[in-house]
Every structure is written in C-alpha cells, then in structure tokens.
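J.: pasting the structure only:
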C-alpha cells in the first residue's frame, strides 16, 4: 500500500488524475476516457497487479481492471512506471492473506484456506503451488505476473520504467530520483516525492525485524505467528527479507532456483 499512498498524494499535489482499483469508488475503468480528455497532462495509474496486455480497445469492461489495451500503447503517448517486489516476500504475504485475511470470493480457493488454517500446508509447499499456478489465489500466479511485465516492458521500450520495492524502502532517494527523471518531460515531481517519503516504524512487527540487517525471529509454525503476531490483522513487514522468517535456507535456495529457471525460459 505504500506505493499507492505515494501515488495518491502525488496525484493530489500535482492535480494529476489517479486511476486505481484501490480508490473508493474504484475508477480504473476511466483511464481511457481520462487519457482522451487530458492527453497533454500527467495521469497516474496504479497499483497495477499483473501487467497483462489485452487486444480489447476499451477499459470500460469490468474484466479489464488490470490489463492494458494494446491499442492504447500505440494511440496514446503512454509512459508506465512499474514496481516489483521479491517474489518470496510476495508469497509470504499472500500465504497469510489467503489463510486469514482476504474475504473468500471466486478467486480464492476455500479448501486451500482450510489447509493453511489447519497447519497442513506449509509456506514452502504453498510457494511451490503458487509457482505452478495452483495456489488458488487470484487469477494470475506471481511468476506469470513477471512474464506479463516483460511483455509489457518490451512493448513500451524506453517508455517503461521498472522500479524495485526494496529501493522504495531502503533507498528512497534513488527510487524517487528514478521516477523524477522519468517523469521530467511531463512535470517536475522531485520536490513532491521528497516530501512523501513514508515512515515504516509503525508497521514493524514487535519481534520479527528490529533492523533489516539484524537477526530475524524464525517462525517454525505459521499458526503460532498468526495467533501471536497477526491476531487476524493484516500485518506485513514493510522491510525486505520477510521470507527469512518463514522459509529455511534450503527452501529459499530451492525457490530461488525455480525463479531463475522461469526467468531463463522467459529470455529464451
């Protein structure tokens, strides 16, 4: 949510429309109309969850809340700022979202939630299912989102900037300067971004992360963490390396290998 909050405040400061699923009410489907009405202005869009492209001409369909129409890339002066996070940290967050936090809907497998809550599905086994596209959470797996991003980036070329979540947290100056330089043809935003640097202190878990480089508490049983730390509230550590609290070194090595193999096959 930090990226969304920065975008939202940037939107208010610059009077630039922000189209996002996180808005209340959601207004993502107004993007195409906004680009037509404000073609010479800066428009903000995000978070975008899977970077998928579609051949559809319009964003007015309810199924196009994330997908970018391919015709839009050629008919509008389209620039995109995208952000990615370590897939292992994403999996840990998703595991607890699937098990306890998100409401059940057609995109969330109830049987898998029961397995997580019963303690019969570990974070590692859930990660393997997610990488195979079998976790039953959302429409697209994490690795497929990365594949979608490559296609999206290839389509836009230099008009696409890909940022790292880890830089936003650990090196905000670098992160904000990348955005500022990329958006400079539209608007000067560096001063605004300097003022929007978020504070992560209130989001740190009591015992898990004292400092990024300090030893983290390892939770052998995710149920203990859910009961003692989460208390049925969605607590994400904003600091990189969250997976170190829930995956063993061997498990991490195994999952990293799967990610690298997927990336290699993507390049081929």
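T.: Nice, I can see it. Given the structure is predicted, the values throughout are model-derived calculations rather than measurements.
J.: Any stretches of the stretch 51-200 of the chain with poor pLDDT?
T.: Counting by pLDDT under 70, the ranges of the stretch 51-200 of the chain that qualify are 57-65.
J.: quick one: the strands in it?
T.: For the stretch 51-200 of the chain, the strands defined by DSSP state E, counting those that start in this stretch cover 53-54, 68-69, 80-84, 160-164.
J.: Please convert the ones you listed to a markdown table, extending it with distance to residue 250 and mean neighbour count.
T.: To be clear about C-beta, it is placed using only N, CA and C from the backbone, and glycine gets the same treatment. Output for the strands of the stretch 51-200 of the chain, formatted as a markdown table (distance: least, C-beta to C-beta, whole Å; neighbours: other C-beta atoms under 10 Å):
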| stretch | distance to residue 250 | mean neighbour count |
| --- | --- | --- |
| strand 53-54 | 37 | 16 |
| strand 68-69 | 39 | 22 |
| strand 80-84 | 25 | 18 |
| strand 160-164 | 26 | 17 |
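J.: can you put those strands in CSV and add distance to residue 25?
T.: Formatted as CSV, the strands of the stretch 51-200 of the chain follow (distance: least, C-beta to C-beta, whole Å):
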stretch, distance to residue 25
strand 53-54, 22
strand 68-69, 21
strand 80-84, 24
strand 160-164, 27
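J.: Out of those, which is closest to residue 15?
T.: Evaluated with C-beta to C-beta, the strands of the stretch 51-200 of the chain place strand 80-84 nearest to residue 15, the distance being 18.2 Å.
J.: in its sheet, what does the closest one sit against?
T.: Sheet pairing of strand 80-84 (DSSP bridges) gives strand 160-164 (parallel).
J.: Distance from the partner strand to the middle of the chain?
T.: Computed by C-alpha atoms, centre = their mean, to the nearest Å, the separation of strand 160-164 from the middle of its chain amounts to 12 Å.
J.: I would like the residues contacting that strand, please.
T.: 79-85, 149, 152-153, 175, 178-179, 182 (C-beta atoms under 8 Å, 6 or more residues apart in numbering).
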